[in-house]
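**Student:** fold the following and give me the result.
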Amino acid sequence: MNPLALEQNEKIISVNPVVYEMLSELGKRIYFPSKGILSQSAEAKKLAKKFNASIGTALESGKAMYLNSVMDSISGVSPNDALLYAPSQGTLELRELWRKKNLHDNPDLDGVACSLPVVTNGLSGALSVAADLFVNPGDTVLLPDMNWDNYLLNFEDRCGANLQYFNFFAGDGLDLDAFRDALAVQPVGGKVLVILNFPNNPTGYTATETEGTAMAQALLETAERGVNVIALVDDAYYGLFFTPEAMKQSIFCKLAGKHPRLMAVKADAATKEVYVWGLRIGFLTFSVGGAGENSPLYAALETKASGLIRSTISNACALSQKIISNALSNPEFYAQRAEKVDLMGRRAGKVREVLDSHAEYAQHFVAYPFNSGYFMCLKLKTVNSEALRKQLLTQYGVGTISITATNLRIAFSCLEEGEIEELFALIYKACCDLTPA
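**Tutor:** Residues are numbered from 1 along each chain as shown. Predicted structure coming up:
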């Protein structure tokens, strides 16, 4: 094993040896090449006052070389901020601004020891780094049966994990008994990575405060009986809460720093929170019981995450990071964000209004509970989801997503409020088309 990896492992073990047990074999081996080209280039940047011939960029007149045809499309950002490499862990400016935003949105995190966020290539990149850090082939990953298909691709197909599912809904809320039962069978001395995604994709449901507390308690009890728990909180749609009962702070707040055997990992992104889907900026934040603020353990995890990023994409886009840093620094940011949340909430409310005012729709479909996010999901009663999807697309020019044979996902996020009533009328009509008279 590389001495740099051993050095980081020793830092982790000195603070909390259980976290070292949680790491995958790759997570144990990985390191950031702090004594290679990058460190030498950083040293040269500070000390090479005459000539700096250390790094693979091109300079002209003391700044990044550029083509006018490129910079003509970029206003308000300097060539250096737009075009040069960013650090593998992300720019310090953005990392600190994102932590400040998370504290603003989640005041319960005030005083809770966490790592500084590491910048990843979007939310998918954050999940990929987390999987590489913690998941070996055959490890158990626990997730709801209502889930995003990228989890399957990332954890099972790419990492070889053993995916186990728990039933998500019971009546009008979460099936907490199914969640507790799924945790209860995890063996003492074993390891489980649990994915918590609120607002949920595909259903658009966020746990209530009571439900979130119950889930957190179940995870804590699992750690207390000797299971190593990695709680991976997918906060991709964080902040899009539309009803009073939806939990307003991330469930990460209920898990961070709570127990030495409970590693809370927050995966979030500017993607949906800042409405910048193509800029591909995500984040990973770590917190575990027994590690204080500025702990060497967090520094080691940040270093290992940076090593994984360095070994794959090198770094997230510097221009994207600068754009998001500028947005977070804008005094109008929170007001602008609130306007968009209100707009999305009106669309969700219109969906509810339409469904409530058309009792005949229940002959063919009903809505799963939804109170947040981009989506809602229909439970089909009389037709196959894929057949309905194709009928809607080919006969009515309507695009939807077939999730399972009985579940159809609707993204109200991309519909104008005035389009929603007609959409559901067409879904009903297509169901009638496919149902024998």
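**Student:** which helix runs longest in the chain?
**Tutor:** helix 333-356 (DSSP state H).
**Student:** show me what it is packed up against.
**Tutor:** For helix 333-356, the elements it packs on are strand 365-367, helix 420-434, judged by 3 or more C-beta pairs under 8 Å, 6 or more residues apart in numbering; DSSP states H and E. (C-beta placed from N, C-alpha, C; glycine too.)
**Student:** pairing partners for the shortest one, with directions?
**Tutor:** Based on DSSP bridges, the pairing partners of strand 365-367 within the sheet are strand 375-380 (antiparallel).
**Student:** how about residues contacting the strand it pairs with?
**Tutor:** 146, 201-204, 348, 351, 364-368, 370, 388, 403, 406-413, 427, 431 (C-beta atoms under 8 Å, 6 or more residues apart in numbering).
**Student:** do stretch 137-155 as well
**Tutor:** So stretch 137-155 is in contact with 24, 124, 127-128, 131, 135, 156, 159-169, 182-183, 186, 190-195, 197, 200-203, 234, 368, 377, 403, 407, going by C-beta under 8 Å, 6+ apart.
**Student:** stretch 51-64 too?
**Tutor:** Outside stretch 51-64, the residues touching it (C-beta under 8 Å, 6+ apart) are 37, 40-41, 44-45, 48, 65-66, 78-80, 82-85.
**Student:** in ChimeraX, select just the buried ones from the residues you listed.
**Tutor:** A single ChimeraX command selects the buried members of the contacts of stretch 51-64 (16 or more other C-beta atoms under 10 Å):
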select :41,66,79,82,83
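**Student:** which ones among the contacts of stretch 137-155 map onto helices?
**Tutor:** 124, 127-128, 131, 182-183.
**Student:** okay, the helix or strand bottoming out on mean pLDDT in the chain in PDB with CA atoms only?
**Tutor:** Within the chain, confidence by mean pLDDT, DSSP states H and E is lowest for helix 37-47 among all helices and strands, at a mean of 77. Provided in PDB are the C-alpha atoms of helix 37-47 (Å, rounded to 0.1, in the frame of the first residue of the first chain):
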ATOM      1  CA  ILE A  37       3.200  16.700  -9.800                       C
ATOM      2  CA  LEU A  38       0.400  18.600  -8.000                       C
ATOM      3  CA  SER A  39       2.400  19.300  -4.800                       C
ATOM      4  CA  GLN A  40       5.500  20.200  -6.800                       C
ATOM      5  CA  SER A  41       3.400  22.600  -9.000                       C
ATOM      6  CA  ALA A  42       1.800  24.100  -5.900                       C
ATOM      7  CA  GLU A  43       5.300  24.700  -4.400                       C
ATOM      8  CA  ALA A  44       6.500  26.200  -7.600                       C
ATOM      9  CA  LYS A  45       3.500  28.500  -7.700                       C
ATOM     10  CA  LYS A  46       4.600  30.000  -4.400                       C
ATOM     11  CA  LEU A  47       8.300  30.000  -4.800                       C
END
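**Student:** partner strands of the following helix or strand past it, with direction?
**Tutor:** Next helix or strand after helix 37-47 toward the C-terminus (DSSP states H and E): strand 59-60. Strand pairing for strand 59-60, determined by DSSP bridges: strand 63-64 (antiparallel).
**Student:** next secondary structure after the strand it pairs with?
**Tutor:** Following strand 63-64 toward the C-terminus (DSSP H and E): helix 68-71.
**Student:** contacting residues around the next helix or strand after that following helix?
**Tutor:** The helix or strand immediately downstream of helix 68-71 is helix 79-83, counting by DSSP H and E. The contact list for helix 79-83 (C-beta under 8 Å, 6+ apart) reads 63-66, 70-71, 74, 318-319, 322.
**Student:** what's the closest of those to residue 286?
**Tutor:** Distance to residue 286, by C-beta to C-beta, is smallest for residue 318 among the contacts of helix 79-83, at 23.8 Å.
**Student:** give me every residue that touches the closest one.
**Tutor:** 81-86, 91.
**Student:** next, the buried residues of the longest helix of the chain.
**Tutor:** For helix 333-356, by 16+ other C-beta under 10 Å, it's 333, 337, 344-345, 347-348, 350-352, 354-355.
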